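Chemist: Just need the structure, nothing else, for what follows:
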Amino acid sequence: MLTPGSRNLITDVEGILVGNASDVAIKSGTTVLCGREPLVASVAVMGGAPGTRETELLSPDKTVPTVDALVLSGGSAFGLDACSGVMDGLRAAGRGLRISTATIPLVPGAIIFDLLNGGTKDWGENPYRALGRAAFDAAGASFELGTEGAGTGALTAMVKGGLGSASLRLPDGSTVGALVVANPVGAVTTPGDRHFYAAPFEIGDEFGGLGVDPASALGMSFESRKRDSMHPRENTTIAIVATDAALTKAECQRIATAAHDGIGRATLPAHTPNDGDLVFGVSTGKRPAGDVLLTGHAASLCLARAIARAAYHARPAPGDLLPTWSDLNA
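Modeler: Coordinates of the predicted model:
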């Protein structure tokens, strides 16, 4: 039996911390995941328009064994500078890859496109380095979902998206968790925007408890459901799945690949040419090696649930282009 961890957050995974920083004026922000110790990590990209930094070093054949933090950020290419702010924080803490007398924090990152979401984007100096440092400084075991961090300005096809997370405990005692910024081209709600596509995987009432949409032919009218005001669109769902079971880089890549099923279960359509869908896979190695097959399956379930929770917890804000799920289902 798979059950959520005590927080139902990715920080139920031993050794994981998460921090958020937001700018409500620009309707954007940054989310940082770091470990109390370096993390084994890899990545799987399935969207057609990814925006990334330092992801090539996560390939299983590359020499670097671990990283110090991962960044999910708004801001499109501007948001990649959030990684520099996190590097500043890590360097100040004396953390990073040591090569002789040099210490180099390794901080891969990925971004969503949120530049056309109604926020003020006329900054004179790129704000994301400061947001990255603030998110790193805020990292802890508890954090808020919805309109927070990198999910501050996230949008789905029909309702506001946001930052989501979920976790599961496995029978061997290990824990798996997901952290996601849900900003897809596709919809996370079925026609009528009451039910979530991820409803078959909901545990309790973690995103409303309304159950599965009883209608048939769901998703057959996607084009007619896209709001006219939202064209053209560039989007992305970016996520991290983590476990405390010891994994190699290759196994981290495998669970990241399996976790993409969670995006497909929760979003219609997924992995489009206009999405940069990407999942990082992470191991803290705090527990013995586990069942990679079950770990990947649990990661996909967590990610589907986290996507629905992102929209469920989204809050209305001045200048929003889309309603929140809670607005439509009050």
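
Chemist: how near is residue 286 to residue 147?
Modeler: Distance, residue 286 to residue 147, by C-beta to C-beta, to the nearest Å: 31 Å. The C-beta positions use only the backbone N, C-alpha and C, and glycine is treated the same way.

Chemist: So which of the two has more stuff around it?
Modeler: A direct count of neighbours by other C-beta atoms under 10 Å for residue 286 and residue 147 places residue 147 higher, at 25 against 18.

Chemist: For stretch 209-223, buried residues please.
Modeler: Judged by neighbour count (16 or more other C-beta atoms under 10 Å), stretch 209-223 contains these buried residues: 213, 218.

Chemist: Not counting that stretch itself, show me its contacts.
Modeler: Stretch 209-223 has contacts (C-beta atoms under 8 Å, 6 or more residues apart in numbering) with 157, 186-187, 190-192, 194-197, 199-200, 202, 268-269, 329.

Chemist: What ranges does the stretch 101-250 of the chain have for its strands?
Modeler: Counting by DSSP state E, counting those that start in this stretch, the stretch 101-250 of the chain has strands at residues 102-104, 109-111, 162-169, 175-183, 236-245.

Chemist: and residue 325, which of those is closest to it?
Modeler: Across these, residue 325 has its closest neighbour in strand 162-169 (9.6 Å, C-beta to C-beta).

Chemist: State the mean pLDDT of the closest one.
Modeler: The average pLDDT within strand 162-169 is 98.

Chemist: Can you give the distance from it to the centre of its chain?
Modeler: Its chain's C-alpha centre and that of strand 162-169 lie 9 Å apart, by C-alpha atoms, centre = their mean, to the nearest Å.

Chemist: Report the rounded mean pLDDT for the strand ranked longest in the chain.
Modeler: Taking DSSP state E as the criterion, the chain has its longest strand at strand 28-45. Regarding strand 28-45, the rounded mean pLDDT is 97.

Chemist: Mark which of the contacts of stretch 209-223 are buried, thanks.
Modeler: Buried among the contacts of stretch 209-223 (16+ other C-beta under 10 Å): 157, 186-187, 190-191, 195-197, 199, 202, 268, 329.

Chemist: so where do the helices sit in the stretch 51-200 of the chain?
Modeler: 82-92, 128-137 (DSSP state H, counting those that start in this stretch).

Chemist: Make TSV from these and add mean pLDDT and mean neighbour count to it.
Modeler: Formatted as TSV, these follow (pLDDT from 0 to 100; neighbours: other C-beta atoms under 10 Å):
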stretch	mean pLDDT	mean neighbour count
helix 82-92	98	23
helix 128-137	98	25
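
Chemist: Now render those as TSV, adding distance to residue 325.
Modeler: Formatted as TSV, these follow (distance: least, C-beta to C-beta, whole Å):
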stretch	distance to residue 325
helix 82-92	27
helix 128-137	25
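
Chemist: Residue 19 belongs to a strand, doesn't it?
Modeler: Yes. Assessed by DSSP: H, G, I helix; E, B strand; the rest coil, residue 19 belongs to a strand.

Chemist: from now on call the first residue 573
Modeler: Sure, I'll start counting at 573 from here, so that last one is residue 591.

Chemist: who's in contact with it?
Modeler: 603-604, 606, 706-712, 715, 721.

Chemist: try 10 Å this time
Modeler: 602-606, 641, 658, 661, 704-712, 715, 721 (C-beta atoms under 10 Å, 6 or more residues apart in numbering).

Chemist: any idea how far residue 705 is from residue 683?
Modeler: 17 Å.

Chemist: Correction: the previous question concerned residue 645.
Modeler: Counting by C-beta to C-beta, the gap from residue 645 to residue 683 is 5 Å.

Chemist: Let me see the mean pLDDT of the biggest helix by length in the chain.
Modeler: As assigned by DSSP state H, the longest helix anywhere in the chain is helix 864-884. Taken as a whole, helix 864-884 has a mean pLDDT of 98.

Chemist: Which neighbouring elements make contact with it?
Modeler: Under the contact definition 3 or more C-beta pairs under 10 Å, 6 or more residues apart in numbering; DSSP states H and E, helix 864-884 sits against strand 734-741, strand 747-755, strand 808-817, helix 821-838, strand 850-859, helix 897-900.

Chemist: Pass me the low-pLDDT residue ranges in the stretch 773-902 of the chain, would you?
Modeler: 793-805 (pLDDT under 70).

Chemist: Quick check, residue 901 in contact with residue 886.
Modeler: No. Counting by C-beta atoms under 10 Å, residue 901 does not reach residue 886; the two are 11.8 Å apart.

Chemist: Could you say which one of the strands of the stretch 673-822 of the chain comes nearest to residue 635?
Modeler: Nearest of these (C-beta to C-beta): strand 674-676, 13.1 Å.

Chemist: ends of stretch 627-637, how far apart?
Modeler: One end of stretch 627-637 to the other measures 13 Å (C-alpha to C-alpha, to the nearest Å).

Chemist: Quick one: residues in contact with that stretch.
Modeler: 610, 612-617, 624, 626, 639, 642, 669, 676, 678, 680-682, 820-826, 828, 850, 852-854.

Chemist: how far does it sit from the chain's center?
Modeler: 21 Å.
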